[in-house]
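dropping a prediction and its sequence here:
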Amino acid sequence: MASHPTPAARAPRVHVIHPLVVRVTHWINAFAIVCMVMSGWAIYNASPMFPFSFPDWATLGGWLGGSIGWHFAAMWLLVANGVLYVSYGIGAGHFRRHFLPLHLRDVARDAVRAATFKLPHQPGVYNAVQRLLYLGVLLLGVLIVASGLSIWKPVQFFWLTDLFGGFDFARRVHFAAMAGIVAFVLVHLSLVLLVPSTLLPMFTGRAKTHDTISERKGQA
């Protein structure tokens, strides 16, 4: 009697897991964030809030005026790119498919798995910890832009400055949001180092995934 593959049998297939819009906006965001952070550290050094400064090699701009120019140029790039990404994420269902649903129990479970290096990885599928981090950094992006505007134009955007509790506190909020984004980047890079196969698809958009034979028939 001839044997037949079971419905659970799996075969690797190459799929597009990162659309072009996601890839382009990802790398533009990476460039803009690096420029904003390094120029922001130079601006911070001109008037520190805390008893430390950032080393010169980690700053951008050369002098205060140059750093401010870099900072605002990168900010407008980040805002324009962010609007494009969020519009695509909502309109094309990218956020709904990849970031939702998000449950606390799933985050706790995947956090334990990640801490014990037992978290499975499937190309194109975000685990609960990744979903939380991506949603969190999107909110931090909104916070850092809003607090930055309140610092840049405290008279014109007085209502926004007041919302943050005044100019000085808005600076602290801006610094905290920056620290949160830097922490996200460090975690993101650490995960790439742990699973280096995730890097190439961010350039090509494609990766091998495993579909069941029944799924392949349904897609044919």
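Alright, I've got the coordinates.

domain parsing for this protein?
Domain assignment for the chain, taken from automatic domain parsing, gives 20-49+58-94, 101-220.

for those domains, which one sits closest to residue 13?
Among the domains of the chain, the nearest to residue 13 by Cβ to Cβ is domain 101-220 (5.7 Å). In this view, the C-beta of every residue, glycine as well, is placed from N, C-alpha and C.

what's the average pLDDT for stretch 90-106?
Mean pLDDT, stretch 90-106: 87.

how far does that stretch sit from the chain's center?
Distance, stretch centre to chain centre, for stretch 90-106: 14 Å (Cα atoms, centre = their mean, to the nearest Å).

what do you get for stretch 15-29?
That offset, for stretch 15-29, works out to 12 Å (Cα atoms, centre = their mean).

look up how far residue 102 lies from residue 135.
7 Å (Cβ to Cβ, to the nearest Å).

what segments of this structure are helices?
Applying DSSP state H to the chain gives helices spanning 20-46, 64-91, 94-99, 104-115, 128-152, 158-163, 167-194, 201-204, 213-219.

so who does residue 104 touch?
By Cβ atoms under 8 Å, 6 or more residues apart in numbering, no residues touch residue 104.

how far away is it from residue 118?
In terms of Cβ to Cβ, residue 104 sits 20 Å off from residue 118.

over to residue 95?
27 Å.

of these two, who's got more company?
Neighbour count, other Cβ atoms under 10 Å: between residue 95 and residue 118, residue 95 has more, with 18 against 9.

so how far is residue 122 from the more buried one?
Residue 95 sits 19 Å away from residue 122, going by Cβ to Cβ.

how about residue 35, nearest residue that isn't a chain neighbour?
Nearest non-adjacent residue to residue 35, counting by Cβ to Cβ, 6 or more residues apart in numbering: residue 74, 3.8 Å away.
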